[in-house]
Structure formats: C-alpha cells, structure tokens
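>>> build me a model:
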Amino acid sequence: MSKEKATPSHPEARGLLMLSLCLLASLALISFNSADKTVNWLGIVGHGFAWTMSYLFGLAAYLIVAFCGWVGWTLLLKGSVKQGLLKLFCFSLFTLSFSILLNLCAEKGMPIPGALKHKIVTESATLDLPYLHRSVRHNLGGVPLYFLYRDLPTFNLQRMLSDVGVATTFSITALIALILLLEIRIVSFLEYFKNRQSSPPPPSPEELEKQLSVISKPKEIRIRTLVAPEEKKVESIRMPPSNLTSYQIPPASLLTSAKKVDQPQLKKELRKQAEILEETLLSFGIEAKVGDINCGPTITSLEVHPAVGVKVQKITALENDIALNLQAKSMRIIAPIPGKAAVGVEIPSPYPQEVSFKEMLLSYQQNPRKLHLPLLLGKTVTGENVVSDLSKMPHCLIAGATGSGKSVCINTLIMSILMNARPDEVKLIMVDPKKVELTHYTSLPHMIAPVITEAHGAYAALSWLVKEMQTRYDMLKQLGLRNIAAFNSRTINKELESSLSILVPEKMYAIVAIIDEFADLMMASSSDLETPVARIAQMARAVGIHLVLATQRPSREVITGLIKANFPTRIAFKVASRINSQIILDENGAESLLGNGDMLFLPPGTSHLIRAQGSYISDEDINRVITFICDQAPTNYLIPSFDNMSRESAEGENGELEGRDSLYAEARSIVIETQNASTTFLQRKLKIGYARAASLMDELEASGVISPQEGSKPRRVLVEGRNGRGQETD
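Model prediction:
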C-alpha cells in the first residue's frame, strides 16, 4: 500500500500567520500593566500572555516578538529564511546575554523610568537585617535568569564570575551574536572608519575654486547607464580615469617553460614512414616520391610529388589505405599543398611536443613588427608561429567538440591581450554560461563589467555594444575621421571637440567581447542574440569592437548563415563529423584532427587552411599573471553588472535598434492606463490600420506588457496602471 504524497507547505501562509500572531503579541505587550488586568487591549488572555512573557524574559520579550515578526515577513516575501538555524542560535545567544545584563543593571540599582515599572514583573520582600526594610526587585531580564544570575545556591553567576566578569563575558557574547546575526563585516567597518579618519580637511574657498577650474576639462570616460524605455536618453557620468601611469605589462618570467621531449631516432623513423608511403602508393599503381618532411610539434607533414599524368583524386581516394599501412591514428591529405606542386600527407608525430606560450610570447616581443591586438595561436607543421591580429580579422569563430582544446585556446587569446596591452588600451567583455571557465578574470582592470553568466546578461551586453558602436560612429562622423586608428592619432583640437554634441575622449580603447558556449545562449534566446551579433560583426570593425564566439555544438541552428557570413576568421578543433567541419570551415578536415589543441585556422582574407598545434598555458600561469595585474591596478568597471540588468532596461536603452514602432510608447501607455489590450482597440485609439496595430500588439507581448493570445479570450494586461494601486510598475 503506497503512502499518500504529503501536501506541500505554503511559506507565504506560514509567514502571514506568524505576522498576525506577532501583531497580537505586540498589542498585548504594549498595553500590559502588571497592576491592572482590565487595561490590556486583548483582555485577560492578552494580560496573561504578556505577564508570562515578562516573567520569563523581561524586556527581552519585545526583542523576541520583533524577531518572530522579521521571520514572518521574510517567509512572506522570499519563502524561506537563509541559514535559519544559525540565525535562531545567534538570536537566542544574544537574548540570553542581553537578559542577564539587564538583571545585572537592575541589581546595581539602575533607575527605571516610570513608564517601564508597570511593564515588568516585580517582587518585594520584608527583611529584618541589617534593619527592618522592604526590598523590591525589578526583573528586567526575567525571573529565571535572575535566579541563575544571583539566587542559584553556590553556583550562581555572581558568585562564580563576580559582577565585573558577568558584565564582560556577556557583553562579548552579545556583541559576537549580534555581529553574526546581522552579518556585519568588521574589516569593512574598520577600513571605512580609517578612511574617514584619514580623509583630508575640507578645502578653503580659494582651493575649491582652483580645483573646479582644473576639473572643468578632465580626461573623461563615458558611462552609459541603461534607463527605462520611457526615458530613451543616455546619461553621462563624468569620471576621471584610474591612475595607470605606473602600470607595467606582465613580464614573460611569470610563465613557465614547456617540457622538452627527447627525440632519439626521429630522422630514422620519419625516413621509414616515407618509404612505407612510397611503397603503398606504388602498390596501387601510383608512382610518387616523398620530398620534404616537416616535423611539427604534434603533426608530421610528408610532401608527396606524384609523377606526370597522375591524378590528384587517385591519391585522395586512398586515404584509408595509406592510414592503414602507416599505422596512423588519424590522417589528413591536402591535395594539393597551396603554392607547391605536391600533395601533403599529415600524420601524428611519433614524439608530440607541447607548444609553449612563453616561447611564442618572447619571440613576438623580440620582433620589431608589432600588432594592435596580437593573438598567439600556436605553431604550424613546419614550426612557424601562428600570430594574427584581431583588429584585422576583425571577428573570430571558434568551434570544436568537448576536450578538443577550445577552452585552452580562449585562455590563450585572453592572455595574448593581457600580456601585450594596457587596461586603457583594451577593454574586455566576457560571457561564460558554464560559470567556471572565465570567472577568474572578473577582477581584472581590463573588464568593462564582471563576467556574464546569464542569457539575459549576454543580451544586455550585446545591446550595450550596439549602442556603444553607434555612439563611436557618431563621434567619428562629427570629427571627420574614418576609424579608431585615425581617431587615436589625430591632432586634438580642444575648441572643436568641446563644441560637439557628444563627449570626446582623448583616446578610444578597443573592446573585445568573448562569448563562450554560444550554443547554450542561442538555445535560450536565438532570435534576441542573432540580430545584435550580426550588427556588431557587420559594422564594428572601424570603431575597434571585436567579437570572439566559441561553441562546442557547431550546428546550423547555432552558426546561422547570418552569423557565419560575418565571421571570416574561424578556428576549428576536432569535431564529430564532416557535416560539422563543413559548417565551420566550408570544407572537410576538422573531423580528422587529433584533439588536444590540434586545429585548423582560416586566416582573414584567404581560403587556405593552416593546420597548427595550439599553444598551451597552465592555470597556475594564468593566476600569476592575473595577480600581477590586479596588484598594479584596481578593478574599474564601467557597468556594475550586465547580469543584474533587466531585459526591459536593456531594450529601453536600445529600443530603436530592435525596430520598434514609433507609436510603441504611446500604445504602451494607453494599454496600461486603460487596462485594455486588443488590436481593434489600438486601431481606434491611435487611428492606424490593422497591420500596424497587430504589430504593436506583438511588440507589447514581447516586452511582457500583455499576455499571449489564449484562444478567444481577451488578452490580460500584465503591468498595473495608476488606478489607485500606486504608480506604474513592471
């Protein structure tokens, strides 16, 4: 016989019940008079309850009722009390200590106001010694604790600790319990007090006037805060840039060198592989000779020169047979090698070698030719460094299966920027739905906002980037410049720039947005993310905004045609099938990669793939670099948090970018004020056609103002109006 499922509890009901009981208890305690039972607002029952509480706890009874009221309010609003048992223990300890201290004060003859004398339980006795007198005891902390403090035979607190010990001990316990209960940070309080003590005195009127004259023309950073849709304006907060004059680029000595692998008989084994390849081709009637042999970190490339009259397709058709005879775990044939009269056969190297990020960094820094945003990707089969400029790409798409090296590649891209650019030259926006890959970069001074972990935060960040892109284009238009390079190298004309309608900074920093696990975000809201991503990819190159998208599920639903067309630079790691490889690279090959950093790189402006082994950097090296940077410059967010922004505020800042109707604000106001929503109603009120009214209804539904259509039922208005229930709220 199965047990019946228990009925779920309702914390709101429990919270409401507790609040009601606390209200009754408060009325009983407030009107309590120990000498008169008839004056209590709740009658004899209220008097009995108040007398019992005063007898047991004294004045601490009011604290108990207040605590129970707070618990009820929390249950009503949040459904549960966070760390409820801990808070109950801390409050009990505080109440115990507070009651004993009250009894100590009463014993020492503390004067009691007349209004409190009838709120507490008093005891009186007639004593003969040392003379005939009447003693009155005010139990400020309750009778039981007064007994524990003074009347308990032999082992009372007064005798064991003395009054000084009792006062000291229970003052400390009460303070500790109160700190734990209110979650007070002592260190933060001391730092605040120290800063207040060390703050300079207020300046004199002459000094203040001099400071204002200096501040009137500062180097300024614009912070645009997202506002409500009705306002549709950009607020500008003038904020002096952080002091980065002493900032130093992290040195390469913070990184560890890669371990060298011993290669005892490499040449002999490679020549043996070449002979086997020639014999295999000859057995199928193909005469060819192996020319140069290039041994890279993990891949060995054999250049095969076929005889005259041999079709290249005959060699590519033997891919599986060649892999069988060479005993290769994976093989890729390049027919032909770009720029050479040879066919390339790539097989795993017998002695794989790790590509050191430190070695690539030192090689780049020693090269006199510098890039704006260098990306140190890895090494090719021939041992050449693969270094590309993100500003030339200008956007990058990274795809690969789980464990293929995609996350290491993203860390390499970020470290390439951090090891070569200052915080005032490059700003970063990172989106990490997995919440563990990129969150350790949150405290960097390069960050515009903390690492984003929610889908709506990614939407808000992309909408902010679109708005920033348009603002930068307006700035370039008014100055008559074409791109960010011309802006940063211009001759500053202060009179002209101060007369413009937009705030012009001295330098314009580049912005790199890195979005990991783009597939998860597209599954959550593909229609919202695709449009801003495409707009940024199409237009943002000239103003220094770059996107890096990474996904482990390269399907057509994720990498849509609109996104794919605007990301000419792509990096493919090992994928599961040829279909995925064709989606990423428009050709096969990624399914034959080895994994663990083996990648195919499609540079911007070309159609030739470059096979390379991605550089590797350990988590310990990353943490050392982050610590070195954070010790020099504090975190300086331009946006407090994209995750905390509501969807409505993001759309309010970028409403015009989403293609909203010009009558949207008026339609929204009419629907909220009248609490009526229908297409024909909007037609009558706005004097528009059916198609436009239906489009407005769709926009109101997408913004959460009205409910979706439910058959023939009228739509519900989800936003309250000003009909006596307060101001309009979302």
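>>> next helix or strand past the one helix or strand Leu361 maps to?
Per DSSP states H and E, Leu361 falls inside helix 357-366. Scanning forward in sequence from helix 357-366 by DSSP H and E, the next helix or strand is strand 374-380.
>>> neighbouring strands - and their directions - for that following strand?
strand 385-389 (antiparallel), strand 610-614 (antiparallel) (DSSP bridges).
>>> and the first one, what's buried?
Judged by neighbour count using 16 or more other Cβ atoms under 10 Å, the buried positions of strand 385-389 are 385-388. To be clear about C-beta, it is placed using only N, CA and C from the backbone, and glycine gets the same treatment.
>>> adding pLDDT and distance to Arg611, write these out as JSON lines.
Putting the buried residues of strand 385-389 into JSON lines (pLDDT from 0 to 100; distance: Cβ to Cβ, whole Å) gives the following:
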{"residue": "Asn385", "pLDDT": "90", "distance to Arg611": "14"}
{"residue": "Val386", "pLDDT": "91", "distance to Arg611": "10"}
{"residue": "Val387", "pLDDT": "92", "distance to Arg611": "16"}
{"residue": "Ser388", "pLDDT": "91", "distance to Arg611": "15"}
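>>> how close does Lys267 get to Gln470?
As judged by Cβ to Cβ, to the nearest Å, Lys267 and Gln470 stand 59 Å apart.
>>> who's more crowded, the two?
More neighbours surround Gln470 than the other of Lys267 and Gln470, with 17 against 10 (other Cβ atoms under 10 Å).
>>> need the residues that contact the helix holding Leu361.
Contact with helix 357-366 is made by 252, 255-258, 374, 376, 378-379, 385, 387, 412, 415-416, 419-420, 615-617, 621, as judged by Cβ atoms under 8 Å, 6 or more residues apart in numbering.
>>> and it, what's its mean pLDDT?
For helix 357-366, mean pLDDT is 91.
>>> list the buried residues of it.
357-361, 364.
>>> so Arg482 makes contact with Ala542?
Yes. At 6.6 Å, Arg482 counts as touching Ala542 under the criterion of Cβ atoms under 8 Å.
>>> of the two, who's got more company?
For Arg482 versus Ala542, the count of surrounding residues by other Cβ under 10 Å is larger for Ala542: 18 against 11.
>>> mind listing what the more buried one touches?
473, 476, 482-484.
>>> and the gap between it and Val504?
From Ala542 across to Val504, the span is 16 Å (Cβ to Cβ).
>>> low-confidence ranges in the stretch 551-700 of the chain?
For the stretch 551-700 of the chain, the stretches with pLDDT under 70 are 646-660.
>>> which residues in it form helices?
561-565, 578-585, 619-632, 647-653, 664-674, 679-686, 690-702 (DSSP state H, counting those that start in this stretch).
>>> closest to Leu718 out of the buried residues of helix 357-366?
The shortest gap between Leu718 and any of these belongs to Phe357, at 51.9 Å (Cβ to Cβ).
>>> domain boundaries for this protein, per the record?
11-187, 270-348, 357-467+510-632, 661-730 (automatic domain parsing).
>>> rewinding a little: please, a PyMOL command that selects the buried ones among the contacts of helix 357-366?
In PyMOL syntax, the buried subset of the contacts of helix 357-366 is picked out as below (16+ other Cβ under 10 Å):
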select buried, resi 252+255+258+374+376+378+379+385+387+412+415+416+419+420+615+616+617+621
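>>> the nearest residue to Leu371 once chain neighbours are set aside pairs with what?
The shortest distance from Leu371 to any non-neighbouring residue, by Cβ to Cβ, 6 or more residues apart in numbering, is to Asp389 (4.1 Å). Going by DSSP bridges, Asp389 is paired in beta bridges with Pro374.
>>> report the contact partners of Asn325.
276-277, 279-280.
>>> from Leu270, how far off is it?
Separation of Asn325 from Leu270 (Cβ to Cβ) stands at 15 Å.
>>> could you do Lys340 as well?
For Lys340, the distance to Leu270 - Cβ to Cβ - is 19 Å.
>>> circling back to that earlier point, closest to Asn320 out of the strands paired with strand 374-380?
From the strands paired with strand 374-380, taking Cβ to Cβ, the stretch that ends up closest is strand 610-614, at 19.6 Å.
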